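> When you get a sec, could you give me coordinates for this:
(one chain, ligands or ions: 2)
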Amino acid sequence: MLRLFNSLTKKVQSFQSLKPGVVSLYTCGPTVYDYPHIGNWRTFVFDDILRRTLEAADYKVVQVMNVTDVGHLTGDNVGNADLGEDRLERGAKREGKTVWEVAQFYLDDFLQTRGLLNILPPTYFVRATDNIKEQISLAETLIKKGLAYETSSGVFFDVSKFSEYGKLGGQKLTDKRVAAREEVEEDISKKNPADFALWLKTVGKWKDHQMRWLSPWGEGFPGWHIECSAMALKYLGQTIDIHTGGVDHIAIHHTNEIAQSEGATGKKFAIFWMHGEFLTVNGGRMGKSLGNAYTLHDILDHGYDPLSLRYLYLTAHYRDKLNFTWDSLTSAEHALNNLRKEIRLWREPGEIDVQYWQRFLEAANNDLNTAQALAVMWEMIKADIPSSSKGATIIKMDKILGLNLIDEIGKKIEIPDNIQILLKKREEARKKKDFTSSDELREEIRKLGFEVLDTPSGQQIKKL
Ligand code: AMP
Ligand code: ZN
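Ligands and ions are numbered 1, 2, ... in the order given. Predicted coordinates:
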């Protein structure tokens with residue numbers, strides 16, 4: 001039975017989809033103005049583990065991931081959706097390109113990197129700029145329902161009209177967080193400082209904004225939050241099973257998505273809300289200005305296998321902070337390489353080991369406890385059961401872990417001729433029960449970079 005922590009109820013609950021056998025999953029995707037950092041990738045890997053665990057529970061998963069290529073202003077993350085600088089324009093200025101070129105470049109990079117981390121492609125991977133019509137129409141619905149209003153600078157959601165505003169993060173409009181926004185508020189045309197933009201007109205501060213579309217309110221561009229509500233509605237319907245993102249989205253982005261979606265449809269937007277905790281670096285916040293917002297390219301440049309990073313993510317529960325250090329990545333790489341070496345020793349997969357598989361699945365189904373799942377996997381690897389069972393079981397486990405372990409099974413190790421000769425000699429020594437020579441030969445082989453293991457089916461060789 002799959003149990004997941006729901007940020008809305010703050011409880012671990014049994015999961016059951018609305019429609020039998022199918023799960024609708026909406027995952028907030030990347031803003032394509034720069035390379036994602038390894039914190040962003042942690043959240044995307046968490047989404048992927050969730051998706052794979054649902055599939056292991058025999059659900060067909062219809063997953064939408066959005067690509068934010070418009071409207072994400074630097075003020076958004078502190079709740080001022082109409083303030084700050086446009087991230088895409090910032091990227092364009094930095095690189096001397098158009099915003100469209102910047103978006104395409106980082107989108108392509110995202111797709112490539114996603115593959116390196118073995119993240120499954122979502123069913124729908126959709127760009128905000130391809131869904132402008134839907135965002136305009138949602139804003140129109142909200143105006144008609146009296147939940148949004150037009151000003152000289154744009155269209156804003158009136159948070160005072162949505163009685164459940166803030167239910168996800170447990171905040172009230174009188175909260176300090178909202179009050180603090182008043183201090184930085186510039187737009188006096190809004191009724192309430194917490195009101196957020198659904199549409200911004202290309203006037204005043206935004207008059208030179210590169211991305212712009214015609215709307216009932218003149219030329220302009222959408223706010224950030226509205227894209228997710230509009231695309232979830234279009235591709236998944238009014239109520240979805242699960243919506244995910246990083247913890248920083250709870251207070252603002254997801255709170256505003258709920259207000260827009262539930263305000264427009266009158267239906268519950270998502271049954272489950274799930275959030276991945278942050279990755280920290282050297283015990284602290286990750287930031288471009290701190291020089292520690294590493295990207296996957298940094299990981300590759302340091303000579304690491306990207307799947308070692310995936311392994312590192314799996315060692316922690318997604319609701320716990322994970323601290324990244326280069327040493328922790330090195331340990332993860334050793335663990336993954338040891339795992340691969342073990343697997344290469346196995347014979348062709350046969351029957352699965354039901355007990356280990358069940359224990360592994362129980363860990364994954366227990367709110368995606370990947371750390372526990374890895375522990376069960378390692379226990380199986382060391383267990384005295386036939387390697388053909390280990391092979392069959394690890395293939396199933398890897399459907400959730402996504403470490404490409406299947407590629408290792410049956411991978412033949414090239415054994416050089418000199419090692420073959422030493423192995424033959426050692427076999428003869430063992431037949432004669434000459435263990436001194438046998439041990440000396442083992443040492444000689446080790447010095448040449450191979451390890452001999454004595455198994456019931458004879459000598460096995462492992463590359464060091
Ligand atoms: P963005 O491209 O900025 O919209 O972020 C993509 C995803 O990464 C979002 O779900 C964020 O919540 C998440 N995120 C941002 N910073 C971190 C971090 N340090 N650790 C984990 N996830 C993060
Ligand atoms: Zn979103």
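> Assign the residue of the stretch 51-200 of the chain found nearest ligand 2 to helix, strand or coil.
Ligand 2 sits closest to residue 66 of the stretch 51-200 of the chain, with a gap of 6.0 Å, by Cβ to the ion. Where you see a C-beta, it was placed from the backbone N, CA and C, and this is true even at glycine. Secondary structure, DSSP: H, G, I helix; E, B strand; the rest coil: residue 66 is strand.
> ok, now residue 40?
Taking three-state DSSP, the label given to residue 40 is helix.
> Give me the nearest residue to it, chain neighbours excluded.
Among residues not flanking residue 40 along the chain, residue 30 sits closest, at 6.5 Å (Cβ to Cβ, 6 or more residues apart in numbering).
> And for the closest residue to residue 394 other than its chain neighbours, the neighbour number?
Of all residues not flanking residue 394 in the chain, residue 405 sits nearest, at 5.6 Å (Cβ to Cβ, 6+ apart). By the criterion of other Cβ atoms under 10 Å, residue 405 has 21 neighbours.
> contacting residues for residue 405?
Counting by Cβ atoms under 8 Å, 6 or more residues apart in numbering, residue 405 makes contact with 339, 340, 343, 394, 395, 397, 398.
> do that again at 6 Å, thanks
343, 394, 398 (Cβ atoms under 6 Å, 6 or more residues apart in numbering).
> Tell me which helix or strand comes right after the helix or strand hosting the last one.
Spelled out, that is residue 398. Per DSSP states H and E, residue 398 falls inside helix 387-401. Moving toward the C-terminus from helix 387-401, the first helix or strand encountered (DSSP H and E) is helix 417-431.
> What helices and strands are in contact with that following helix?
Where contact means 3 or more Cβ pairs under 6 Å, 6 or more residues apart in numbering; DSSP states H and E, helix 417-431 is packed against helix 435-447.
> got the contact list for the helix it packs on?
Residues outside helix 435-447 that contact it (Cβ under 6 Å, 6+ apart): 422, 425, 426, 429, 430, 452.
> Stretch 8-18 too?
Contacts for stretch 8-18 (Cβ under 6 Å, 6+ apart): 1, 2, 3, 4, 5, 6, 23, 168, 241, 273, 367.
> in the sheet, who's paired with the residue of the stretch 51-200 of the chain closest to ligand 2?
Beta-bridge partners recorded for residue 66 (DSSP bridges): residue 126.
> shouldn't it be in contact with residue 230?
No - when contacts are counted by Cβ atoms under 6 Å, residue 66 is not listed as touching residue 230 (9.4 Å).
> who's more crowded, the two?
residue 230 (28 against 24).
> how's the chain carved up into domains?
If you go by automatic domain parsing, the domain ranges for the chain are 3-276, 281-407, 417-463.
> Quick one: those domains as JSON lines, columns for mean pLDDT too.
Below are the domains of the chain laid out as JSON lines (pLDDT from 0 to 100):
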{"stretch": "domain 3-276", "mean pLDDT": "91"}
{"stretch": "domain 281-407", "mean pLDDT": "94"}
{"stretch": "domain 417-463", "mean pLDDT": "85"}
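> Select, out of the ones you listed, the one closest to ligand 1.
domain 3-276 (2.0 Å; Cβ to the nearest ligand atom).
> Give the buried residues for stretch 371-381.
Along stretch 371-381, these residues count as buried under the neighbour rule (16 or more other Cβ atoms under 10 Å): 372, 373, 374, 376, 377, 380, 381.
> hang on, the earlier thing: any chance of the contacts of residue 405 in CSV, with distance to residue 248 too?
CSV is the format used below for these (distance: Cβ to Cβ, whole Å):
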residue, distance to residue 248
343, 37
394, 35
398, 31
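> quick check, nearest of those residues to ligand 2?
So of these, ranked by how close each gets to ligand 2 (Cβ to the ion), first place is residue 398, at 29.6 Å.
> Skipping its backbone neighbours, what lies nearest the closest one in space?
Residue 398 sits nearest to residue 405 (Cβ to Cβ, 6+ apart), 4.3 Å away.
> do you know how far the one you found is from ligand 2?
Between residue 405 and ligand 2 the distance is 32 Å, computed by Cβ to the ion, to the nearest Å.
> Get me the contact residues on this protein for ligand 2.
28, 228 (Cβ under 5 Å from the ion).
> Wasn't residue 44 part of a helix?
Yes - assessed with three-state DSSP, residue 44 lies in a helix.
> Number of residues surrounding it?
Using other Cβ under 10 Å, residue 44 has 23 other residues around it.
> List the contacts of it.
So residue 44 contacts residue 119 (Cβ under 6 Å, 6+ apart).
> follow-up on the earlier one: distance of the residue nearest to residue 394 from residue 239?
Going from residue 405 to residue 239 by Cβ to Cβ, to the nearest Å gives 37 Å.
> follow-up on the earlier one: among the buried residues of stretch 371-381, which are in helices?
372, 373, 374, 376, 377, 380, 381 (DSSP state H).
> In a markdown table: those, plus distance to residue 435.
Formatted as a markdown table, those follow (distance: Cβ to Cβ, whole Å):
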| residue | distance to residue 435 |
| --- | --- |
| 372 | 40 |
| 373 | 39 |
| 374 | 36 |
| 376 | 35 |
| 377 | 33 |
| 380 | 30 |
| 381 | 27 |
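> nearest to residue 314, of the residues you listed?
residue 374 (5.9 Å; Cβ to Cβ).
> Out of the contacts of helix 435-447, which is nearest to ligand 2?
Closest to ligand 2, out of all of the contacts of helix 435-447 and judged by Cβ to the ion, is residue 452, at 54.0 Å.
> Starting from the strand or helix carrying that closest one, tell me which strands it pairs with and how they run.
Here residue 452 sits within strand 450-455, counting by DSSP H and E. Strand pairing for strand 450-455, determined by DSSP bridges: strand 458-463 (antiparallel).
> Give me the residues contacting the strand it pairs with.
341, 345, 413, 415, 423, 450, 451, 452, 453.
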